[in-house]
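Enquirer: how would this look folded up:
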Amino acid sequence: QVQLVESGGGSVQAGGSLRLSCTASGLSFNQYTMGWFRQAPGKEREWIAAITWNGGSTYLADSVKGRFTISRDNAKNTVYLQMNSVKPEDTAVYYCAARRFLSGTVSVRERYNYWGQGTQVTVSS
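Expert: Take a look at the predicted model:
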């Protein structure tokens, strides 16, 4: 049974930092592209970052480029989202997602077949 478990969410002031983690089990983690998405109240779930199975390529949405980074540790079956210079508009539930050997269309939500339960991030001004 595949499980993705996010952690590290919480409340932070604008300009601060948070690091989210997503630990996977039940799959061959080093074969999976991992993505991060977020969903704010009343809004669609949006893609924000992805990293390919070997960490060779990373992708970031324009809205977070220069502030967030994505990385992974295949030995720990974990992907990270480092969030710096956060803004109130970063407030959302953050989800990690996985798809085996996904490349190219890493920003398309429907391309991922495993999802975590989400972790809340709240940024106050």
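
Enquirer: CA atoms for contacts and neighbours, from now on please.
Expert: Fine.

Enquirer: The residue nearest the centre of the chain bridge partners, please.
Expert: By C-alpha atoms, centre = their mean, the chain has its centre lying nearest to residue 36, at 2.3 Å. Taking DSSP bridges, one finds residue 49, residue 96 as the beta-bridge partners of residue 36.

Enquirer: thinking it is in contact with residue 50, fair?
Expert: Yes: assessed by C-alpha atoms under 8 Å, residue 36 is found in contact with residue 50 at 6.2 Å.

Enquirer: re earlier: report the contact partners of the residue nearest to the centre of the chain.
Expert: Neighbouring residues of residue 36 by C-alpha atoms under 8 Å, 6 or more residues apart in numbering: 47-50, 81, 94-97.

Enquirer: please redo it, this time with the cut-off set to 10 Å
Expert: Counting by C-alpha atoms under 10 Å, 6 or more residues apart in numbering, residue 36 touches 20, 22, 46-51, 60, 70, 79-81, 94-98, 106-107, 109, 115-116, 118.

Enquirer: ditto for residue 115
Expert: 2-6, 24, 34-37, 95-99.

Enquirer: Return the per-residue confidence for it.
Expert: As predicted, residue 115 sits at a pLDDT of 98.

Enquirer: hang on, the earlier thing: now, the contacts of residue 36 that are in strands?
Expert: Counting by DSSP state E, the contacts of residue 36 place 20, 22, 46-51, 60, 70, 79-81, 94-98, 115 in strands.

Enquirer: Return a PyMOL selection command for the buried portion of the residues you listed.
Expert: Per 16 or more other C-alpha atoms under 10 Å, the buried members of these correspond to this PyMOL selection:
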select buried, resi 20+22+46+47+48+49+50+51+60+70+79+80+81+94+95+96+97+98+115
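
Enquirer: What is the burial count for the residue nearest to residue 13 when sequence neighbours are not counted?
Expert: In space, and not counting its chain neighbours, residue 13 is closest to residue 124: 4.8 Å by C-alpha to C-alpha, 6 or more residues apart in numbering. Residue 124 has 16 neighbours, counted by other C-alpha atoms under 10 Å.
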